[in-house]
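Participant: Please work out how this folds:
(chains A and B)
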Amino acid sequence: MPKVKTNRIKYPDGWELIEPTLCELDAKMREAESDPNDGKRKCEAFWPIFKIAHQKSRYIFDLYYKRNEISKELYEFCLEQGYADRNLIAKWKKSGYESLCCLRCIQPRDHNFGTTCVCRVPEHLREEKAVECVHCGCGGCASGD
Amino acid sequence: MLKSTHKSVSGPQQGNLPAGWTEHKAPTGHTYYYNAETKQSTYTRPVTFTPPVAQAPIVHPSYPTDRQSQFASTPASTNFARPAFEKRVPRRDHGANDRPKTKHAIPGCLPWLLVKTKLGRRFVHNPETGESLWKIPEDVMKWVLEYDIQSQRRKHGQPEKTETEHSTRIEPHQDERVEETNEHESTTVEAAKVEAEPELASDEEYEEVEVTDDEDAEGPSKRQKLSPAADEPDQAAELGEDDMAYQLAEMEALEADFDDDNAMNDAEDSGWTDADAIASFHSLLDDHAIDPFTTWASVLDAGHILDNARYTHLPTTRARRDAFATWSTAHIARARAAKHAHAKQDPRIPFLALLHAHASPKLFWPEFRRKHKRAPALRDPALPDRDRERLYREHAARLAKTPPAALVADLHALLRSVPPGEEWNAASSVHGALPAALQSDVRWISLPAARRDALVQEFIATQLPAPADAAAGGERVAAEARQKDQERREEALRGRREVVEEARRRQERDVRVERARMAEGEEERRRALAVGKGGLVASVAMGREEEQGEE
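Facilitator: Residues are numbered from 1 along each chain as shown, chains lettered A, B, ... in the order given. You can find the predicted model right below:
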């Protein structure tokens, strides 16, 4: 009996246009994953991964919501295939979270005193001007900045 | 010593030629002498045993014969002039080809005219008495000098001082010119040099006659020549730090007005607007064939555009990112429009193109389909499989059975069947974009591509009316507008570059002035600190002395 292929992916219209960029980002992600974290702080190891995940999600989000360049099918397809983080995108749609760096930074349980990360604090309100948050290395993602 | 060509004409001895020499007349009227044995020819009359003293000095009619009186006016000349002038004897030769060129009335003493010759020499002429003198008389000389000074002033608009400089400058010129003219003669007379030698003694007298007035003109100038030369080192020494500072300050003052004007006109002059900057940035993106779907971060990472000068036309990275966003949006919209146009294409056209390339009467339809099942034209759902098969069979039958002449006739019929209109116009302006009605017909692919294209070209050239200018004209206008816009932008960019350059220059100059000022201060401080054993008073006195010395 011939093998039935179940993983056949049907790419929506317009996929070929965004494919190179997504492939590039995927390659970067793979590189970041396999990168040895020699000499880095413990918290620094995940920063590039957070950063690239953010970039990918942001790319899809921009294409669909800001620039209207891709169809709804393609957008859904990208979310289903894991090219973008739908939870992060969901936050971006809320006011005050337009440029959120990652989901961990708004998770009160991960922080002392049940607050958010320092990168969520607007620049004019925080004491130190240059920050790198411990979760994703974000330098500030408050909406007003 | 070389001798004038005139001399041979007026030479006193006629029948006294040495053996072997014959006398001839040159086409120019000069007499020359030829020795048939030695094949020598010379303008100078060859002499053998005649004593040179026998030749009388030849005196130019206009030269004063009274030698002694001239020497009386310049007593020193006899002593030092002779050795100097023996070296440039040919000087007197310019009497032959020199001509009066200009004459000026000498303001002080009216009947006298100052005449300048072609070779730059000058003499005075009195039209009333008919007198002409190389040696300018004392009383006239005074006025001539005055006239010189005035004319120099007129020429340069500068005070008297330049007069002396000028004359010193002129002198060598005269000599050069004189020597130039003499070189011609000296080459011709070269052979005669040896024969001329014995006449030296008689020549010298003559020379002195002529030379003295030159000497007279030259004498003062030579003396003047010395003085500026002596002055020059002093001037060079004087050009110190203070002068530099002074010059810098002057430069500054000069450019200050200019700068102010520029600063005012900066914006209007350059004509460089933000829109231009964005447009140039867009052209940069176009040139690098950047994918409009890519992200700004990856563009920056790739770094291809960073080296380009156009990258810096936008001042901030944020502005660049915005420009990139607008550019990519526009690009994607354009690509989408093109795709839309493409989507409307008849599905038969790519299929027929495939048939044209690969179909042959030897293959049956199922075989052909199996062979090319990967081809997109065979997988296109817009064209039913039944139609494909029908088209294939028709095409194969035509290839197999119809004679070529009939195929050509069919193609002509097909061409004629498409009414002349919009699509044909596009076809004649843009290659390849022929009407879809043509390309979706099976008759279109019956002939080999080269032959068919030739026929179509011929048809377009002969049968179709000239394309109406509506579509093509519009295109051309758009292209022209784009071109013009580009040119304007380049012009504006040039203006902006000038402005930037000007600003840079200004800054550099400021730095220079500041540096000079600092060096000056440093020098002063150094001087102040350098108090020797003599104590403060002595050093102050020394400094004052130095200052005076400089002044």
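
Participant: Kindly report the domain assignment for chain A.
Facilitator: A:14-34+A:42-93, A:96-145 (automatic domain parsing).

Participant: for the ones you listed, which one sits closest to chain B?
Facilitator: Of all the domains of chain A, it is domain A:14-34+A:42-93 that lies closest to chain B, at 4.8 Å by C-beta to the nearest C-beta. Just so you know, the C-beta spots here come from the backbone N, C-alpha and C atoms, and that holds for glycine as well.

Participant: So for B:R451, which of the domains of chain A sits nearest?
Facilitator: domain A:14-34+A:42-93 (36.4 Å; C-beta to C-beta).

Participant: Compute the first-to-last residue distance for that closest one.
Facilitator: 24 Å (C-alpha to C-alpha, to the nearest Å).

Participant: May I ask you to confirm that B:A325 belongs to a helix?
Facilitator: Yes. Using DSSP: H, G, I helix; E, B strand; the rest coil, the secondary structure at B:A325 is a helix.

Participant: pretty sure it is touching A:R67, no?
Facilitator: Yes. Counting by C-beta atoms under 8 Å, B:A325 does reach A:R67; the two are 7.5 Å apart.

Participant: Report the rounded mean pLDDT for stretch B:496-503.
Facilitator: In this model, stretch B:496-503 has a mean pLDDT of 90.

Participant: Can I get it in PDB? Just the C-alpha atoms.
Facilitator: These are the backbone C-alpha positions of stretch B:496-503, laid out as PDB (Å, rounded to 0.1, in the frame of the first residue of the first chain):
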ATOM      1  CA  ARG B 496      23.300  70.900  -1.400                       C
ATOM      2  CA  ARG B 497      26.700  69.400  -1.800                       C
ATOM      3  CA  GLU B 498      28.100  72.900  -2.400                       C
ATOM      4  CA  VAL B 499      26.300  74.200   0.700                       C
ATOM      5  CA  VAL B 500      27.800  71.400   2.700                       C
ATOM      6  CA  GLU B 501      31.200  72.000   1.200                       C
ATOM      7  CA  GLU B 502      30.900  75.600   2.100                       C
ATOM      8  CA  ALA B 503      30.000  74.900   5.600                       C
END
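
Participant: Tell me which residues of it come out buried.
Facilitator: B:R496, B:V499, B:E502 (16 or more other C-beta atoms under 10 Å in any protein chain shown).

Participant: ok, now stretch B:133-151?
Facilitator: B:L133, B:W134, B:K135, B:I136, B:P137, B:V140, B:M141, B:W143, B:V144, B:Y147, B:D148.

Participant: element containing B:A538?
Facilitator: helix B:535-550 (DSSP states H and E).

Participant: Would you mind listing what in chain A touches chain B?
Facilitator: With C-beta under 8 Å from any C-beta of the partner chain as the criterion, chain A comes near chain B at residues A:L17, A:I18, A:P20, A:T21, A:E24, A:L25, A:Q55, A:Y59, A:L63, A:R67, A:E69.

Participant: Just the buried residues of the residues you listed.
Facilitator: For the residues of chain A next to chain B, buried by 16+ other C-beta under 10 Å: A:L17, A:I18, A:T21, A:E24, A:L25, A:Q55, A:Y59, A:L63, A:E69.

Participant: List the contacts of the residue nearest the centre of chain A.
Facilitator: Centroid-nearest residue in chain A, with C-alpha atoms, centre = their mean: A:H54, separated by 1.9 Å. Shown in contact with A:H54 (C-beta atoms under 8 Å, 6 or more residues apart in numbering or on different chains): A:L88, A:C101, A:C102, A:C136.

Participant: Any idea how far apart the tips of stretch A:99-106 sit?
Facilitator: Note: stretch A:99-106 ends 12 Å apart using C-alpha to C-alpha.

Participant: Contacts for that stretch next, please.
Facilitator: Outside stretch A:99-106, the residues touching it (C-beta under 8 Å, 6+ apart) are A:50, A:53-54, A:85, A:87-88, A:91-92, A:97, A:110, A:116-117, A:119-120, A:133, A:135-136, A:138, A:141-143, A:145.

Participant: Would you write a ChimeraX line that selects the buried entries of these?
Facilitator: Command for ChimeraX that selects the buried part of these, burial taken from 16+ other C-beta under 10 Å:
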select /A:50,53,54,85,88,91,92,97,116,117,119,120,133,135,136,138,141,142
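
Participant: Not counting residues beside it along the chain, what's closest to B:E128?
Facilitator: B:P111 (4.6 Å; C-beta to C-beta, 6 or more residues apart in numbering or on different chains).

Participant: B:P404 too?
Facilitator: B:L447 (7.6 Å).

Participant: what's near enough to touch the one you found?
Facilitator: Here B:L447 is in contact with B:P404, B:L407, B:V408, B:L411, B:L455 (C-beta under 8 Å, 6+ apart).

Participant: Need the phi and psi values for it.
Facilitator: Torsion angles at B:L447 (phi, psi; degrees, to the nearest 10) stand at phi -100, psi 160.

Participant: next SSE after the helix or strand harbouring the residue nearest to the centre of chain A?
Facilitator: In this structure, A:H54 sits in helix A:47-61 according to DSSP H and E. Next in sequence after helix A:47-61, counting helices and strands by DSSP H and E, comes helix A:72-80.

Participant: for whichever helix or strand comes after that following helix, the distance to its chain's centre please.
Facilitator: Sequence-wise, the next helix or strand downstream of helix A:72-80 (DSSP H and E) is helix A:86-92. Chain-centre distance of helix A:86-92: 9 Å, with C-alpha atoms, centre = their mean, to the nearest Å.

Participant: Tell me which other helices or strands helix A:86-92 touches.
Facilitator: helix A:47-61 (3 or more C-beta pairs under 8 Å, 6 or more residues apart in numbering or on different chains; DSSP states H and E).
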